[in-house]
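>>> Provided below for reference: sequence and predicted model.
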Amino acid sequence: MQLQGAVFVVLPHLGPILVWLFTNNQMFGWCKGPMMLSWCPPRKVLLLIWTTTYSVMGYASYLVWNDLGGGFGRPLALPLGLYAVQLTISWMVLVLFFTGHNPGLVLLHLLLLYGLVLSTALIWHPINKLASLLLLPYLAWLTVTNAITYHLWRDGLYPEHQPQPTEEKSD
């Protein structure tokens with residue numbers, strides 16, 4: 001793998017890093033506390049899954065780019081354009097999830113993202129079967145993420161929707 005391959009692997013991490021920096025490290029407050037989902041993965045597991053997912057996704061995009069001759073020609077427009085759109089939506093989901101205060105909107109974006117990743121895998125399949133298969137763990141993880149978000153939304157467990165402690169006046 002050349003320098004370009006490394007760039008493709010690292011590029012997907014840019015969004016989560018920027019989101020983390022701009023959300024003042026608020027990214028994991030939603031999955032702790034007394035009303036936490038019992039099956040919600042621990043913070044370290046979430047970090048490992050997302051890091052692996054973004055790296056594998058970046059490598060898969062490199063395989064497609066390489067198989068289509070590299071550069072920025074017309075044959076790359078649909079397969080990598082669709083990838084760029086789903087990557088951007090993935091980053092938007094992070095922003096909405098951790099700062100948007102609207103779990104229903106997050107769920108809609110996650111469902112859109114699921115469809116975009118599935119479409120990307122289908123478009124990539126004739127170009128590079130391995131690249132297409134490398135998106136399957138991402139789809140599996142998006143299924144889990146959708147389930148977590150749905151339960152947080154349905155049960156009102158989103159941190160912004162939790163009752164805030166009130167200060168009682170003492171006389």
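Good, I have the coordinates.

>>> tell me the SS of the most centrally placed residue in the chain?
The C-alpha lying nearest the average C-alpha coordinate of the chain belongs to S90 (Cα atoms, centre = their mean; 4.2 Å). Of the three states, S90 takes helix according to DSSP: H, G, I helix; E, B strand; the rest coil.

>>> Provide a list of residues in contact with it.
P12, G15, L113 (Cβ atoms under 8 Å, 6 or more residues apart in numbering). Just so you know, the C-beta spots here come from the backbone N, C-alpha and C atoms, and that holds for glycine as well.

>>> Report the buried residues of stretch 106-114.
V106, L107, H109, L110, L113, Y114 (16 or more other Cβ atoms under 10 Å).

>>> can you put the contacts of S90 in JSON lines and add secondary structure, distance to L94 and pLDDT?
As requested, those are arranged in JSON lines below (DSSP: H, G, I helix; E, B strand; the rest coil; distance: Cβ to Cβ, whole Å; pLDDT from 0 to 100):
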{"residue": "P12", "secondary structure": "helix", "distance to L94": "12", "pLDDT": "87"}
{"residue": "G15", "secondary structure": "helix", "distance to L94": "7", "pLDDT": "82"}
{"residue": "L113", "secondary structure": "helix", "distance to L94": "11", "pLDDT": "95"}
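
>>> For G15, which residues are in contact?
G15 neighbours (Cβ under 8 Å, 6+ apart): L87, T88, S90, W91, L94.

>>> Show me the contact partners of the helix of greatest length in the chain.
Looking across the chain with DSSP state H, the single longest helix is helix 43-67. Under the contact criterion Cβ under 8 Å, 6+ apart, helix 43-67 has outside partners 1, 4-5, 8-13, 16, 28, 31, 41, 76, 79-80, 83, 87, 124, 127-128, 130-132, 134-135, 137-138, 141.

>>> Which positions in that helix come out as buried?
Buried, per 16+ other Cβ under 10 Å, within helix 43-67: 46, 49-50, 53-54, 56-66.
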